[in-house]
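>>> just coords:
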């Protein structure tokens, strides 16, 4: 069974630009969660999607948004990039409830904002 | 705000020793906990979850949960250099600790 895939793996953007990251979950998984990982803040939860609906949301500004498609693939968008947005963005998929089901992480997208 | 706290380490242990990793959480309603291992440059992978008070063993790994003290721990017996990684504790299921870096010295 193929694992979680994320594209692109690396991105370099400049301040003020916007970026879209993509995540394809494991086949059959309906929940996709997004996390930001930085050395200083650790792994921080952005949002979780299930059946094309945002089910849970972390404490990030509205510049961070996402969506999920009918095939469970998900995208996240960051608008008006700031230097502090430089991070590893991880998505994780699970069958249904991340609180009880194992989350499987993708390899991440490394975003650098210059 | 639900919080999960871990000592960032690094925790250094000699090969063959027991490594003890600890985690505290703030939400008394949390029912299950997860331990993830993250090698440098890689994404986290689940190694254990626990939802009942007491101990849960899986090979060289033992997870311990004490809901009254809001405390979760992970013991790694017979530590190997390949266990050197950052260990992340997670409460259900979006709240992760900052991770404890473990170094196992040959």
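Everything's here; your move. Model, not experiment: these values are computed from the prediction.

>>> is the residue nearest to residue B:11 when sequence neighbours are not counted in a bridge, and if so with what?
Distance criterion CB to CB, 6 or more residues apart in numbering or on different chains; nearest residue to residue B:11, sequence neighbours excluded, is residue B:102 at 5.1 Å. Where you see a C-beta, it was placed from the backbone N, CA and C, and this is true even at glycine. With DSSP bridges applied, residue B:102 shows beta-bridge pairing to residue B:11, residue B:85.

>>> now do residue A:77
residue A:20, residue A:65.

>>> does the residue nearest to residue B:11 touch residue B:88 like I think?
No - taking contacts as CB atoms under 8 Å, residue B:102 lies outside contact range of residue B:88: 11.3 Å.

>>> so these two - more neighbours on which side?
residue B:88 (26 against 22; other CB atoms under 10 Å in any protein chain shown).

>>> ok, now how distant is that one from residue A:112?
Plainly put, residue B:88 is 23 Å away from residue A:112 if you go by CB to CB, to the nearest Å.

>>> again, but for residue B:14
Taking CB to CB as the measure, residue B:14 falls 38 Å from residue A:112.

>>> those two: who's more crowded?
Taking neighbours as other CB under 10 Å, residue B:14 and residue A:112 compare with residue A:112 leading, 13 against 10.

>>> is there proximity between the helix or strand encompassing that one and chain B?
When secondary structure is defined by DSSP states H and E, residue A:112 falls within strand A:109-113. No - shown here: strand A:109-113 not in contact with chain B (CB under 8 Å from any CB of the partner chain), separated by at least 9.7 Å.

>>> counting contacts, what elements does that strand pack onto?
strand A:10-13, strand A:19-24, strand A:87-94 (3 or more CB pairs under 8 Å, 6 or more residues apart in numbering or on different chains; DSSP states H and E).

>>> okay, the ones you listed, which one's buried deepest?
strand A:87-94 (a mean of 24; mean count of other CB atoms under 10 Å in any protein chain shown).

>>> so what strands line up beside that one?
strand A:31-38 (antiparallel), strand A:104-105 (antiparallel), strand A:109-113 (antiparallel).

>>> which parts of chain B sit against chain A?
Close to chain A, as judged by CB under 8 Å from any CB, chain B has residues B:1, B:31-32, B:34, B:42-46, B:49, B:51, B:88, B:92-99.
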